[in-house]
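[1] Sequence plus predicted model, see below.
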Amino acid sequence: MAVVFKKPEALTDAPLHYCPGCTHGIIHRLVAEAIDDLGILGRTVGVAPVGCAVMAYDYFSCDMVEAAHGRAPAVATGLKRARPENIVFTYQGDGDLASIGMAETVHAATRNENITVIFVNNAIYGMTGGQMAPTSLPGQVTQTSPYGRDVKTVGYPIKVCELLSALDAPYYIERVAVNNVKNVMNAKKAIRKAFENQVEGKGFSLIEVVSSCPTNWGMTPEKALKWVETDMIPYYPLGVYRDKSKEAE
Amino acid sequence: MPKLTFNVDLCKGCGLCVSACPKKLLVIAKDKINKKGHSPAEITDQSQCIGCAFCATMCPDCVITVEK
């Protein structure tokens, strides 16, 4: 019998600490599968964020570095420039990348640093207990917006893919989701492409993954994935926002 | 015949595999409990499984290994 599906080698045997139904586990696996598929496990270095995924260094079997809050693209820049033969990726949430780390993200993108950024957008601060994030939807109820996000006082959500695709430099920007099997398959292809771009020396690739947070949204895991489909994806449309390989043709 | 193997003690009973199965073969075993204290997922009728691996694709914890 042939094995159709098993845990990828780029993940360790450590049990994930994430809540039941948290899609971080799926996204970890997709990154690990991309590393396995490209055969780059021995020369890959990951940069872990601050947030729920802070302990990603326990879960990936490649070398990992823990960055200060939001600074993962800056740390990854240093790692990549010092050892250009290494494959460097960052794994960041919305509180890390779109809030405190916005400067590092934008500047790494505009320098077209040859790194891969995996951005997990679940519209809330998960680890700290469900506060409003820069990506929380208008009207979304969180711990710090109990009457729903009021865009008149706290502004509108930040659409990272749209924002970064206004820059001239970035090589590849795509938004995917992991709310059903089809979208997971598409996310796998996107993440693999982001790593391939780096192997080929093309430059900055960012994959935004629209994700769920059943615990802090106060939903069952299944209902949370439905909410991703009915509420999040209409606000954060999926698709390729920048692909310079196509532009060059 | 496809074969599913569950690493039961990693399962958190979230049920994402249950809703992903096109043949509706998976259930959360309410009468069982694993090391983590969750009721784990299990397959009701192995002979009906088509080995599509949709369950494993949606599992956040790599609980399921699929052989075909």
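    Perfect, thanks for sending it. What you see is a predicted model; the values in this text were computed from it and never measured.

[2] Tally up the residues packed near residue 66, please.
    Answering for chain A, as no chain was given. Here the number of neighbours of residue A:66 (other C-beta atoms under 10 Å in any protein chain shown) works out to 15. No exception for glycine: its C-beta is placed from N, CA and C like everyone else's.

[3] Can you look at chain B instead?
    Look at residue B:66: counted by other C-beta under 10 Å, it has 22 neighbours.

[4] Likewise for residue A:59?
    26.

[5] repeat for residue A:113
    If you count neighbours by other C-beta under 10 Å, residue A:113 ends up with 25.

[6] In contact with it, which residues?
    Residues in contact with residue A:113 (C-beta atoms under 8 Å, 6 or more residues apart in numbering or on different chains) are A:73, A:76-77, A:80, A:203-204.

[7] at 7 Å what do you get?
    The contact partners of residue A:113, by C-beta atoms under 7 Å, 6 or more residues apart in numbering or on different chains, come to A:77, A:80, A:204.

[8] Just among the residues you listed, which is most surrounded?
    Within these, most neighbours by other C-beta under 10 Å means residue A:204, with 28 neighbours.

[9] any idea how far it lies from chain B?
    Residue A:204 sits 28 Å away from chain B, going by C-beta to the nearest C-beta, to the nearest Å.

[10] can you pull out the helices in chain A?
    With DSSP state H as the criterion, chain A has helices at A:24-38, A:56-59, A:72-82, A:94, A:102-110, A:151-154, A:160-164, A:181-199, A:214-217, A:221-227, A:233-235, A:244-247.

[11] list the buried ones in the first one?
    Residues of helix A:24-38 classed as buried: A:24-35 (neighbour count, 16 or more other C-beta atoms under 10 Å in any protein chain shown).

[12] Contact partners for residue B:67?
    A:1-4, B:2-3.

[13] So which of the residues you listed sit within strands?
    When DSSP state E defines the strands, the subset of the contacts of residue B:67 inside them is A:3-4, B:3.

[14] The residues you listed, buried ones only, as a ChimeraX selection?
    Buried members of the ones in strands among the contacts of residue B:67, defined by 16+ other C-beta under 10 Å, are picked up in ChimeraX with:
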select /A:4
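
[15] re earlier: okay, the helices of chain A, which one's buried deepest?
    Compared across those, helix A:94 shows the largest average neighbour count, a mean of 26 (mean count of other C-beta atoms under 10 Å in any protein chain shown).

[16] Residues in contact with that helix: which ones?
    A:121-123, A:133-135.

[17] what about the residue in chain B that chain A sits nearest to, helix or strand, and which?
    At 2.7 Å from chain A, residue B:60 is the closest residue in chain B, using C-beta to the nearest C-beta. Residue B:60 belongs to no helix or strand when assigned by DSSP states H and E.

[18] What is the burial count for it?
    26.

[19] If we ignore the residues flanking it in sequence, what's nearest it?
    Excluding its sequence neighbours, the residue lying closest to residue B:60 (C-beta to C-beta, 6 or more residues apart in numbering or on different chains) is residue A:25, at 2.7 Å.

[20] Repeat that for residue A:36.
    With sequence-adjacent residues excluded and distances taken as C-beta to C-beta, 6+ apart, residue A:36 is closest to residue A:8, at 4.6 Å.

[21] and what of residue B:3?
    Nearest residue to residue B:3, sequence neighbours excluded (C-beta to C-beta, 6+ apart): residue B:67, at 4.5 Å.

[22] Also residue A:238?
    The shortest distance from residue A:238 to any residue other than its chain neighbours is 5.2 Å, reached at residue A:175 (C-beta to C-beta, 6+ apart).
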